[in-house]
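Q: quick one, what's the 3D model for this:
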Amino acid sequence: VANLAPCFARLVTLPNGLEVILQSDDSAPVVSVQAWCRTGSIHEGKWLGAGMSHVLEHMLFKGTSSRTGLEIDHSIQDAGGHMNAYTSFDRTVYHVTIPDTGAKLATEILCDIMQNATLPEDELPGELDVIRREMEMGNDDPSRRAGRRLFETAYTKSPYRHTVIGYRDIFDKLTRDDLLNYYRERYAPNNCFIVVVGAIDTDEVLEWINDCYAAQPARSLPPVLLTNEPRQVASREVTDEGPFEHAHFHFAWHVPDVRHDDIPALDVLSTLLGGGRSSRLYLHVRDAKALVHSVDAWTYTGEQTGLFGMSAVADADKLGQAQAAMLGELQQFKDSLADESELAKAIKQFT
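A: Down below sits the predicted model:
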């Protein structure tokens, strides 16, 4: 049984449904502010496969009704902060890390872009071209290409089989009006949450967020039909040949969604198996046998069926040996329990 550190995070739900997670941590004069929207590539409805959520991620920092994109950039930088964002299958996240003196600024800017982004028409063509170049780079990058084939193979019906960035033929049909409609539908306060952690007064931060969202009521969310992945009854294997120096390959197995009680155990298993230089895959398959250049194990969990997997990069002439060795390491966990000290070390990474 692991002794987990107590969680002192404070969870508040505003009248409009916006959830706020706050935790004071005075160990350093730094604050992390995150704005999460519960929308990603699987929620794009009739535009499934367009990569609309990812386009919005690129556009939200380009300006609001009260701030230009340059003002947003300069104000965060002048305060010593750094901002970024990412899009996944079921979420889009905007985050700022900043000295505690800039906590209010970062909070207000993220609250602003989540409600009042203008998606400037003159900025959109340039960002679409940036994303087109990302698509081309993804096709030329063996790691990204292998990852894309993994999800296309693991999922046959679920929207998780579609790439987050989108497919060029559908992507090219997007208009600014399409993006605005999606933004207004999905970025409702009752579909978002704000996280602020660091050297903060939680009451004060909650007041800032309340003020920012005072005029924003809850909105109805149009239903999005998500097709469940049917149970897999046989193994699937796909080989995609290309002009690459090394073989990039994955093994994966379906696992429950993120809410299932087994997920923490799978997270620990992935750490024991392939989580860093002291993991079994790294020590035995990479270091001792020299069969791979890199190797790891992982879990991907979302709101639907997830994946537990192993990934590696190997020379083509060692591919078969590497695959057999990796499966052998996984089999060891089926045959015998992990050593107590090894298990404790892995669990400590999560606590």
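
Q: flag the shaky bits of this protein, pLDDT-wise.
A: For the chain, the stretches with pLDDT under 70 are 1-6.

Q: break it into its domains for me.
A: 10-212, 247-348 (automatic domain parsing).

Q: any chance of a markdown table for those, columns mean neighbour count and distance to residue 234?
A: (Glycine included, C-beta is placed from N, CA and C.) Shown next, in a markdown table, are the domains of the chain (neighbours: other Cβ atoms under 10 Å; distance: least, Cβ to Cβ, whole Å):
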| stretch | mean neighbour count | distance to residue 234 |
| --- | --- | --- |
| domain 10-212 | 18 | 12 |
| domain 247-348 | 17 | 13 |
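
Q: quick one: contacts for the residue positioned nearest the centre of the chain?
A: Central residue check for the chain by Cα atoms, centre = their mean: the C-alpha nearest the mean position is that of residue 88, 4.6 Å away. Contacts for residue 88 (Cβ atoms under 8 Å, 6 or more residues apart in numbering) come out as 40, 41, 164, 302.

Q: residue 204: which of those residues is nearest?
A: Nearest to residue 204 out of the contacts of residue 88 is residue 40 (Cβ to Cβ; 31.4 Å).

Q: so how far is residue 148 from the closest one?
A: 16 Å (Cβ to Cβ, to the nearest Å).

Q: kindly report the same for residue 58.
A: Taking Cβ to Cβ, one finds residue 58 at 20 Å from residue 148.

Q: ok so, going back, now distance to residue 244 and secondary structure too, for the contacts of residue 88, in JSON lines please.
A: Below are the contacts of residue 88 laid out as JSON lines (distance: Cβ to Cβ, whole Å; DSSP: H, G, I helix; E, B strand; the rest coil):
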{"residue": "40", "distance to residue 244": "29", "secondary structure": "coil"}
{"residue": "41", "distance to residue 244": "26", "secondary structure": "helix"}
{"residue": "164", "distance to residue 244": "22", "secondary structure": "coil"}
{"residue": "302", "distance to residue 244": "29", "secondary structure": "coil"}
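
Q: between these, which is closest to residue 207?
A: Proximity of the contacts of residue 88 to residue 207 (Cβ to Cβ) peaks at residue 40, which lies at 30.3 Å.

Q: shouldn't the closest one be in contact with residue 93?
A: No. Residue 40 is beyond contact range of residue 93, at 9.6 Å (criterion: Cβ atoms under 8 Å).

Q: quick one: common contacting residues for those two?
A: residue 87.

Q: quick check: chain neighbours aside, which residue is closest to residue 252?
A: residue 309 (3.8 Å; Cβ to Cβ, 6 or more residues apart in numbering).

Q: grab the nearest non-local neighbour of residue 12.
A: residue 20 (4.6 Å).

Q: sec struct for the one you found, please.
A: Secondary structure state of residue 20, per DSSP: H, G, I helix; E, B strand; the rest coil, is strand.

Q: quick one: it from residue 302, how far?
A: The value you get for residue 20 to residue 302, if Cβ to Cβ is used, is 23 Å.

Q: assign residue 147 to helix, strand or coil.
A: Applying three-state DSSP: residue 147 is helix.

Q: correct me, but it touches residue 250?
A: Yes. Assessed by Cβ under 8 Å, residue 147 is found in contact with residue 250 at 7.5 Å.

Q: export the contacts of residue 88 to TSV and tack on distance to residue 295?
A: As requested, the contacts of residue 88 are exported to TSV (distance: Cβ to Cβ, whole Å):
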residue	distance to residue 295
40	28
41	28
164	24
302	24
